[in-house]
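Q: Compute the structure for the input listed below.
(2 chains)
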Protein chains: 2
Amino acid sequence: MIIVGELINSSRKVIPPLIEGHDAAAIQDLARRQMEAGATFVDVNAGTFVAQEIEHLSWLVTTVQAAVDAPLCIDSPNPAALEKALTLHRGKAMVNSITAEKARYNTIVPLVKKYKTAVVALCMDDRGMPESAAERVAVARELGARLQQEGIPLDDVYFDPLVRPVSTDPRYGTMMLDTTRGIKEHLPQAHVICGLSNVSFGLPLRKLLNQNFLVMAMTCGLDAVIIDPLDARIMSNLYATAALLGKDEYCMNYIARHRDGKIQL
Amino acid sequence: MIIVGELINSSRKVIPPLIEGHDAAAIQDLARRQMEAGATFVDVNAGTFVAQEIEHLSWLVTTVQAAVDAPLCIDSPNPAALEKALTLHRGKAMVNSITAEKARYNTIVPLVKKYKTAVVALCMDDRGMPESAAERVAVARELGARLQQEGIPLDDVYFDPLVRPVSTDPRYGTMMLDTTRGIKEHLPQAHVICGLSNVSFGLPLRKLLNQNFLVMAMTCGLDAVIIDPLDARIMSNLYATAALLGKDEYCMNYIARHRDGKIQL
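A: The predicted model follows:
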């Protein structure tokens, strides 16, 4: 399972003061703890700053990579902010994100090619967010074909099936799960990634729902997730599910993490 | 979700003294609490008594049904014990279980027909327990066809895909999940049921694994489960998963149980 640690994001209210104050120690501590907890990528996002996004996102990239030897998931729809961040990034980054929307695709895909990054691709186009799994899979297949034509290997593409709240439409859960299955069927070399928390919007005990939805999505083929890796509960479910899916040979990883006191009921 | 409460089973060490001492109050309390927690059927099993199984199973049936207005899952491979129990049972019972093994099939199916019960059908035959999902689905399809020829509707059949420990073979988890998907694809009117605890045999924090495996199996089409309904944690996961699968319109059941303090993280 590929884990993108989501905590260094300016939409979380603890983060903007750390960025504005250039509190490198606090940001680096957050990066280190996410990596120790099992993250593969550290997400960095300074989107709420708008006018200063370029400057702040760049500062995050150099500050985080000074502390951890890890690739970053550079989280912005702004091509200028992405490009500046990519010039500073060491190793193979992940760009978060493109869509099949013409403007977004045309400005960001050239950066993905130039800097040979991985990329998150949302299953939507200029018509908006499709209202069925079949249409989302169709968008993914079209995007997959175009990206391959551009020379981007499918193994670098992380499709996001888009998660919407089941409280607003009971079909939104299965729509995401069926999209995940469909992408894995038609584009088996590509990855499927998502964030979870949207699914539980408006409902009580959201953590329980998010936790279960991760297990459900992994069962349908999800192989990457944008998550809080410091949440021991959701990480325990992730490792338990990997073991049950036979993706943890003889459960060695699950057992080792249990021995380290990292698996919680 | 159809829930079979598993607690009145002589293989649990607290139960045999209650049966031998004819402690009706204790058995009835256990039945009542399981029903209040959400059980659809109450399982009764006196299998460890061997020579006295007929007598004890009959006592369980009348004792439990004197306390709760619920159908029972009569759990025995012994046709004589089953028949005596079925003569005493009020309403539509579930017989647990048949297989495609000739002797077991030929002695128990006539009782299923005579007493018009539902039946648990294990996906195995005289060759033993198949070592692939495809073979288990094939056994289920054959059993399904034969049972329909006997006049037993598929809606009364609960196939058990058979759960084995992932610690002994990492493929056993997906084998069960793929069997569940296959049965639901080829026999959509039939049910799929299982017990969970075998999957985690030999591993630490078994409850976490069992809990996750329930969520995974429900995602693949499991619509019945043999479970401890007094385990608030596993029941919380069950209701959360039903909501996420769109099987709980606008999450009303999840929200109502949360309001009653019955949903736990």
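Q: Let me know the secondary structure of residue A:90.
A: coil (DSSP: H, G, I helix; E, B strand; the rest coil).
Q: Contacts only, for the residue in the stretch 1-150 of chain A positioned nearest to chain B.
A: Relative to chain B, the nearest point of the stretch 1-150 of chain A is residue A:133 (12.2 Å; CB to the nearest CB). The C-beta positions use only the backbone N, C-alpha and C, and glycine is treated the same way. The contact partners of residue A:133, taken as CB atoms under 8 Å, 6 or more residues apart in numbering or on different chains, are A:161, A:174-176, A:178-179, A:182.
Q: That one and residue A:162, how far apart?
A: For residue A:133, the distance to residue A:162 equals 10 Å [CB to CB, to the nearest Å].
Q: shared neighbours, the two?
A: A:176, A:179.
Q: And for the residue of the stretch 51-200 of chain A found nearest chain B, the neighbour number?
A: Minimum separation of the stretch 51-200 of chain A from chain B (CB to the nearest CB) falls at residue A:170, amounting to 3.8 Å. By the measure other CB atoms under 10 Å in any protein chain shown, the count of residues near residue A:170 is 18.
Q: That one in helix, strand or coil?
A: Three-state call for residue A:170 (three-state DSSP): coil.
Q: how about the closest residue to it other than its chain neighbours, what does it touch?
A: Distances taken as CB to CB, 6 or more residues apart in numbering or on different chains place residue B:246 nearest to residue A:170, at 3.8 Å, with adjacent residues excluded. Residues near residue B:246 by CB under 8 Å, 6+ apart: A:166, A:170-174.
Q: hmm, 6 Å instead?
A: Residue B:246 makes contact with A:170-171, A:173-174, according to CB atoms under 6 Å, 6 or more residues apart in numbering or on different chains.
Q: residue boundaries of the helices in the stretch 1-150 of chain A?
A: Assigned by DSSP state H, counting those that start in this stretch, the helices in the stretch 1-150 of chain A fall at A:15-20, A:24-36, A:53-67, A:79-88, A:102-114, A:133-149.
Q: May I see these organised as JSON lines, with distance to residue B:257 added?
A: JSON lines is the format used below for the helices of the stretch 1-150 of chain A (distance: least, CB to CB, whole Å):
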{"stretch": "helix A:15-20", "distance to residue B:257": "35"}
{"stretch": "helix A:24-36", "distance to residue B:257": "34"}
{"stretch": "helix A:53-67", "distance to residue B:257": "42"}
{"stretch": "helix A:79-88", "distance to residue B:257": "45"}
{"stretch": "helix A:102-114", "distance to residue B:257": "42"}
{"stretch": "helix A:133-149", "distance to residue B:257": "28"}
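Q: For those, give me a markdown table that also has mean pLDDT.
A: Shown next, in a markdown table, are these (pLDDT from 0 to 100):
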| stretch | mean pLDDT |
| --- | --- |
| helix A:15-20 | 98 |
| helix A:24-36 | 98 |
| helix A:53-67 | 98 |
| helix A:79-88 | 98 |
| helix A:102-114 | 98 |
| helix A:133-149 | 98 |
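Q: For chain A, which residues are neighbours of chain B?
A: A:166-167, A:170-171, A:173-174, A:203-205, A:207-209, A:212-213, A:215-216, A:219, A:237, A:240-241, A:244-246, A:249, A:251, A:258, A:263, A:265 (CB under 6 Å from any CB of the partner chain).
Q: Out of those, which end up buried?
A: A:166-167, A:170-171, A:173-174, A:203, A:205, A:208-209, A:212-213, A:215-216, A:219, A:237, A:240-241, A:244-246, A:251, A:258, A:263 (16 or more other CB atoms under 10 Å in any protein chain shown).
Q: that older thread, please report how far the residue of the stretch 51-200 of chain A closest to chain B lies from residue B:251.
A: Using CB to CB, residue A:170 is found at 8 Å from residue B:251.
Q: who's the closest residue to residue A:60 other than its chain neighbours bridged to?
A: Among residues not flanking residue A:60 along the chain, residue A:44 sits closest, at 4.1 Å (CB to CB, 6+ apart). Note on residue A:44: beta-bridge partners by DSSP bridges are residue A:8, residue A:74.
Q: Is residue A:44 in contact with residue A:72, as I believe?
A: Yes: using CB atoms under 6 Å, residue A:44 and residue A:72 qualify as a contacting pair, with a distance of 5.4 Å.
Q: Run a quick neighbour tally on the residue lying closest to residue A:75 once chain neighbours are set aside.
A: Leaving aside its chain neighbours, residue A:75 sits nearest to residue A:45 (3.9 Å; criterion: CB to CB, 6+ apart). Number of residues near residue A:45 (other CB under 10 Å) recorded here: 25.
Q: Quick one, grab the pLDDT at residue A:265.
A: Looking at residue A:265, its pLDDT is 87.
Q: what residues are up against it?
A: Counted by CB under 6 Å, 6+ apart, residue A:265 has contacts B:205, B:207-208.
Q: Put together TSV for those residues, with pLDDT on each row.
A: Putting those into TSV (pLDDT from 0 to 100) gives the following:
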residue	pLDDT
B:205	96
B:207	96
B:208	97
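Q: what subset of those residues is also close to chain A?
A: Contacts with chain A within those, as defined by CB under 6 Å from any CB: B:205, B:207-208.
Q: what's the spacing between the closest residue to residue A:139 other than its chain neighbours and residue A:115?
A: Closest residue in space to residue A:139, ignoring its immediate chain neighbours: residue A:123 at 4.7 Å, by CB to CB, 6+ apart. The gap separating residue A:123 from residue A:115 is 23 Å, by CB to CB.
Q: Alright, that wraps it up for me.
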